[in-house]
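> got a predicted model here, sequence first, then my questions.
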Amino acid sequence: MANLSSGEKRARTRRRNAAKRRSMARAEPKGRLRDDGAAHPDAIRKRLLWLAHERGIPVDEVPKVLQVMTVELSDFCKAHRLSLNWVIGGCLNDLQYMLRQQPAEREPTFDEFKALLGKLDAVGRRAVVDKLRSMVTQ
């Protein structure tokens, strides 16, 4: 060991430092996600398909996932208010934030409301009208 050339010493030092950096990165959650392949296109595709199923998005709308970021993926994320950090890296904090920020269900149109009201019997319609009157007078 004492007769190592400067090139061999440098190579050993680089390997040792690289191993230290890998172990330090592995200690962090994002490092573990990266090592486990969270940014692999198959993993990204699985996340997008899961989300499409959860939100009722047609599967043919889900963009093709390639090794590089595409305009289609970016547009899809913007349209559906998705965190790119979650989509690409699998960061669960961003998934939690995204689910908390999910928009509420859309309000029914007047025609939908009329159709629902028409399905009720007379007692149900009277209860709804009374409740509406009390809400309007407040």
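Perfect, I can see it now. For clarity, every value in this text was computed on a predicted model and none was experimentally measured.

> make it CA atoms for all contacts and neighbour counts henceforth
Fine.

> residues contacting the helix or strand containing residue 114, please?
Using DSSP states H and E, residue 114 falls within helix 110-119. For helix 110-119, the external contacting residues (CA atoms under 8 Å, 6 or more residues apart in numbering) are residue 125.

> distance from the next helix or strand after it to the middle of the chain?
For helix 110-119, the succeeding helix or strand toward the C-terminus, using DSSP H and E, is helix 122-137. Distance, stretch centre to chain centre, for helix 122-137: 40 Å (CA atoms, centre = their mean, to the nearest Å).

> poorly predicted segments of the chain, please.
1-2, 25-27, 29-36, 102-106 (pLDDT under 70).

> ramachandran angles for residue 57?
phi -90, psi 130 (degrees, to the nearest 10).

> skip the chain neighbours and tell me the closest residue to it.
In space, residue 57 comes closest to residue 51 once its chain neighbours are excluded; the distance is 7.9 Å by CA to CA, 6 or more residues apart in numbering.

> residue 90 too?
residue 38 (5.7 Å).

> wouldn't that neighbour be in contact with residue 88 here?
Yes. Using CA atoms under 8 Å, residue 38 is in contact with residue 88, at 7.4 Å.

> intersection of neighbour lists for those two?
residue 44.

> could you report the neighbour count for the residue nearest to residue 57?
Neighbour count for residue 51, taken as other CA atoms under 10 Å: 17.
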